[in-house]
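**Student:** one predicted model, sequence on top.
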Amino acid sequence: MSGHGTPIPMTARRAGPLRGAAHVPGDKSISHRALILGALCVGETRITGLLEGEDVLATAEAMRAFGATVERLSEGDWRVQGVGVGGLAEPETVIDCGNSGTGVRLIMGLMATSPITATFTGDASLRSRPMARITDPIALFGAAAYGRAGGRLPMTIVGSADPVPVRYTTPMPSAQVKSAVLLAGLNAPGQTVVIEKEATRDHTERMLAGFGAEITVEHTAEGRTITLTGQPELAPQSIAVPRDPSSAAFPVCAALIVEGSDVLVPNIGLNPTRAGLFETLREMGADLAYENPREEGGEPVADLRARYSPAMQGIRVPAERAASMIDEYPVLSVVAAFATGKTEMVGVKELRVKESDRIDAMARGLEGNGVTIEEGPDFFTVHGMGPGGMPGGGTAAARLDHRIAMSFLVAGLAAQKPVSVDDAGPIATSFPGFEPLMAALGARIDRTNR
């Protein structure tokens, strides 16, 4: 079973060129944070362009459970009446975060410095993911965590009644860990400091500043040092959520490998801590162009045009880029299969603890479709077969992972034989309109009966 109901097998087939405009959903990372920070304001925050995937809807429901008023006014248009920093109510029921690692980890941090108790769970995939990376730092504030063996969900967090500020160096590049510590620091007195040895996506810092928190970022000998002054009064905002670059990756990468394609993806967020995939694709020789660059809501935005790129070459993707494209390696590995030469992805051990072990999932799925793979604990190499070179004909196991499912459906659009996935149901967690969007561009992706 998928954890999302009855499995939904899908098959993608080679078709004509993809053409048109792909209006992808709002940015998932920013959508989560807009709901959470809106809940910490005194007054009304308005959000437009909110991603209405299952992950974000679970965060909206969680904020209601903690006492905020969260209302959907129309498609993508939401209103949040917050409770103020320190004003969280104790939930009456278990908080179910579905498939969302971002949601559960940020909310655990959020409540860790309030004198309340909450229990968290999620779907089968989320219950298998490690939470010690969050429970360890929030314990420094005075919170306590009680969960299953290995630090896994379901888990109860007992927030600190007398929190203390923390100085914390993240042990791995993780925007979720950094954000959880900063959110915990909001209700702690004094200054909470987070030090990153490698920069990760900075939506939390940007949005905290936009809501009126006193926050500074410096580059020191220790690393990227973020200092937050606790117990601010956050001011409600109007937030326009840019389109999600991680969702844009799928129509963009499909256009690069399907002969004759020309696809425009409007209003894409191009935060430099998120744009590693597009930088990598351009280094491989992809025909990508940024049109109408601008800034919206403190985030850089542009329209992204992608055209068929038969001359792409394999490259070595530098390890220091991993944090800026960690969610995009699955679909990059598909593009790499249609490039010439080998593409080496290193410093990517974080992929093994995402919604699935994404290195193993992509390796087995690509091998099942005729592609030669090398892998290790912290690397993944794809031996490219050139334009149209992937034999295809296999069925990949999605493993409850939306990005694995979408990546193999993209592969099927350019492979010699159709490529299937055993369950595309998890796609609804982040990209509920994936099927009709791709169909409108000319893709052949069908639900298959078994």
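**Tutor:** Noted; the coordinates are in hand. Nothing here was measured: the structure is a model prediction, and the numbers come from that model.

**Student:** secondary structure element holding the nearest residue in space to Thr343 that is not next to it in sequence?
**Tutor:** Nearest residue to Thr343, sequence neighbours excluded (CB to CB, 6 or more residues apart in numbering): Ala336, at 3.6 Å. Backbone N, C-alpha and C define where each C-beta goes, glycine included. Per DSSP states H and E, Ala336 falls inside helix 329-337.

**Student:** point out the other helices and strands that that helix packs with.
**Tutor:** For helix 329-337, the packing partners by 3 or more CB pairs under 8 Å, 6 or more residues apart in numbering; DSSP states H and E come out as helix 245-257, helix 276-284, strand 342-346, helix 358-367, strand 379-383, helix 402-412.

**Student:** how does it look with 6 Å?
**Tutor:** Helix 329-337 is packed against helix 245-257, helix 358-367, strand 379-383, helix 402-412, with contacts defined by 3 or more CB pairs under 6 Å, 6 or more residues apart in numbering; DSSP states H and E.

**Student:** partner strands of the next helix-or-strand element following the second one, parallel or antiparallel?
**Tutor:** If you walk from helix 358-367 toward the C-terminus, the next helix or strand you reach (DSSP H and E) is strand 372-376. According to DSSP bridges, strand 372-376 forms sheet pairs with strand 379-383 (antiparallel).

**Student:** which is the next helix or strand following the partner strand?
**Tutor:** Scanning onward from strand 379-383 (DSSP H and E), the first element met is strand 395-396.

**Student:** elements contacting that next one?
**Tutor:** Packed next to strand 395-396, using 3+ CB pairs under 6 Å, 6+ apart, is no helix or strand.

**Student:** how far off centre is it?
**Tutor:** 23 Å (CA atoms, centre = their mean, to the nearest Å).

**Student:** hmm, who's touching that strand?
**Tutor:** Gly365, Phe408, Ser420, Val421, Asp422 (CB atoms under 6 Å, 6 or more residues apart in numbering).

**Student:** go with 10 Å
**Tutor:** 9, 11, 361-362, 364-369, 404-405, 407-409, 411-412, 418-422, 448, 450 (CB atoms under 10 Å, 6 or more residues apart in numbering).

**Student:** in this protein, where is pLDDT below threshold?
**Tutor:** For the chain, the stretches flagged by pLDDT under 70 are 1-4, 297, 449-450.

**Student:** centroid-wise, who is the farthest residue in it?
**Tutor:** Relative to the centre of the chain, the most outlying C-alpha is that of Asp162, 32.7 Å out, by CA atoms, centre = their mean.

**Student:** in terms of helices and strands, where is that residue?
**Tutor:** Per DSSP H and E, there is no helix or strand for Asp162.

**Student:** so how far is Pro245 from the residue nearest to it when sequence neighbours are not counted?
**Tutor:** The spatial neighbour of Asp162 that comes closest, neighbours along the chain excluded (CB to CB, 6+ apart), is Gly142 at 6.4 Å. Relative to Pro245, Gly142 is positioned 37 Å away (CB to CB, to the nearest Å).

**Student:** which one's more surrounded, those two?
**Tutor:** The neighbour comparison of Gly142 against Pro245 (other CB atoms under 10 Å) goes to Pro245, with 27 against 19.

**Student:** next up, the contacts around the more buried one.
**Tutor:** 24, 27, 29, 201, 252, 265, 268-271, 274-278, 304, 324-325, 327-328.

**Student:** what is the burial count for Lys354?
**Tutor:** Counted with other CB under 10 Å, the neighbours of Lys354 add up to 20.

**Student:** just checking, it touches Gly101?
**Tutor:** Yes - using CB atoms under 10 Å, Lys354 is in contact with Gly101, at 7.5 Å.

**Student:** so who does Met390 touch?
**Tutor:** Per CB under 10 Å, 6+ apart, neighbours of Met390: 257, 334, 337-338, 366, 369-371, 384, 411-412, 414-417, 419.

**Student:** pull out the buried residues from these.
**Tutor:** 257, 334, 337-338, 366, 369-371, 384, 411-412, 414-415, 419 (16 or more other CB atoms under 10 Å).

**Student:** and these as CSV, adding distance to Phe431?
**Tutor:** Formatted as CSV, the buried ones among the contacts of Met390 follow (distance: CB to CB, whole Å):
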residue, distance to Phe431
Ile257, 19
Val334, 16
Ala337, 21
Phe338, 22
Leu366, 21
Asn369, 22
Gly370, 27
Val371, 24
Gly384, 26
Ala411, 16
Gly412, 16
Ala414, 19
Ala415, 21
Val419, 18
